[in-house]
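Chemist: the sequence and its predicted three-dimensional model are supplied below.
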Amino acid sequence: MKFINTTFLFSAVIFTIIGCAELKSIMDQNLGLSNQEIVDGLKKALDVGLDKSVTSASAVNGYLKNEAIKLILPKEVKSLQEEIKSGSVSLLNGAVKVPYSKILNTYVSLDPNLEEDPFDELVVAMNRGAEQAAKKAIPIFGSAIRNMSFTDALGILQGGEKAATDYFYTKTKSSLQSAFQPEIKNALGDTKATAIYGSVAKFVNYEYEVNYLINTYTVDVSDYLKTKELPATLDGYATNKAIEGLFYLIGNEEKKIRANPMDYASTIIRKVFSSDEAQSN
């Protein structure tokens, strides 16, 4: 009896010191997570990652000055740029050589859409478009996060440092592309990337006049360039790259959450990512 009373008194003291609610919270932390808690924790982590990523990407130079996500020229356009830098048109059995760069300079001076190097302009305009479109990403991506179902939620939780981000990317990429492409298309129009790209594409068929002695020769650039086939538009390419950039940032945020869950204010994030299930990977 004496032992029972002592135990009772000890329990009463514990409840008095820390309170019933707090003791229950401590006890609950030792219990396993439910499937719903795992799903909620993963979705909340993606929400947090998306919010921070969009804030970062949509800032001025968010894409342009971040080499990890910066939109570069499509490979066909890059190939054209390299050819123009180093190549030339050879006329009259080599008696006259006109660098492509000189032809391009003349072309730029006549095109109202262009001011300087059209390829540099295009890179800046594409990234400005991605930054502008990123502001519209939260409701599009957020809806996909809320509607997805993790049948293998525990496996994702116990997976790699960005397992949830990779799973989300794989499952939703196609639908996100369809939803996000109109925003990219509008943004590329606003930043004049579409107009600049149209001018770059037309250069392939530019006719340039060369004066030599008393004669004038018309050079059809397409007769000399090796790179002639360019993508019809930038929309699909820029959409893919903008989405990949956002997922790269989201993945980095997930890594931070997994590494230091207690740094976050969200209760469900703290509970799920500090659990035995999360720490066992």
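Modeler: Received it, and whenever you're ready, just let me know what you need. Numbering: from 1, shown residues only.
Chemist: so the residue most central in space within the chain, which of the three states?
Modeler: The chain has G245 as the residue nearest its centroid, 1.7 Å off, counting by C-alpha atoms, centre = their mean. Judged by DSSP: H, G, I helix; E, B strand; the rest coil, the three-state class of G245 is helix.
Chemist: ok, for it, nearest residue in space, not its chain neighbours?
Modeler: Spatial nearest neighbour of G245, excluding adjacent residues (C-beta to C-beta, 6 or more residues apart in numbering): I69 at 3.2 Å. (C-beta placed from N, C-alpha, C; glycine too.)
Chemist: that neighbour belongs to a strand, doesn't it?
Modeler: No. Checked against three-state DSSP, I69 lies outside a strand; its state is coil.
Chemist: enumerate every residue touching it.
Modeler: By C-beta atoms under 8 Å, 6 or more residues apart in numbering, I69 lies in contact with 57, 63, 241, 244-246, 248-249.
Chemist: any of these buried? List them.
Modeler: Neighbour counting with 16 or more other C-beta atoms under 10 Å marks 57, 63, 241, 245-246, 248-249 as buried within the contacts of I69.
Chemist: and these, which two are the farthest apart?
Modeler: K241 and L249 (13.0 Å; C-beta to C-beta).
Chemist: which parts of the stretch 101-250 of the chain are helices?
Modeler: Remark: helices assigned in the stretch 101-250 of the chain by DSSP state H, counting those that start in this stretch are 118-134, 137-147, 153-157, 163-190, 193-203, 235-259.
Chemist: which other helices and strands does the fourth one contact?
Modeler: Right, helix 163-190. helix 35-57, helix 118-134, helix 137-147, helix 153-157, helix 193-203, helix 235-259 (3 or more C-beta pairs under 8 Å, 6 or more residues apart in numbering; DSSP states H and E).
Chemist: just the third one next, same as before
Modeler: Using 3+ C-beta pairs under 8 Å, 6+ apart, the elements in contact with helix 153-157 are helix 35-57, helix 163-190, helix 276-279.
Chemist: now do the second one and helix 137-147, the angle between them.
Modeler: Following axes from the mean of the first three to the mean of the last three C-alpha atoms, to 10 degrees, one obtains 150 degrees for the angle between helix 163-190 and helix 137-147.
Chemist: which parts of helix 163-190 are buried?
Modeler: Neighbour counts using 16+ other C-beta under 10 Å place 163-169, 172, 176, 179-181, 183-188 of helix 163-190 among the buried residues.
Chemist: check the shortest one too.
Modeler: Residues of helix 276-279 classed as buried by neighbour count (16+ other C-beta under 10 Å): 277-278.
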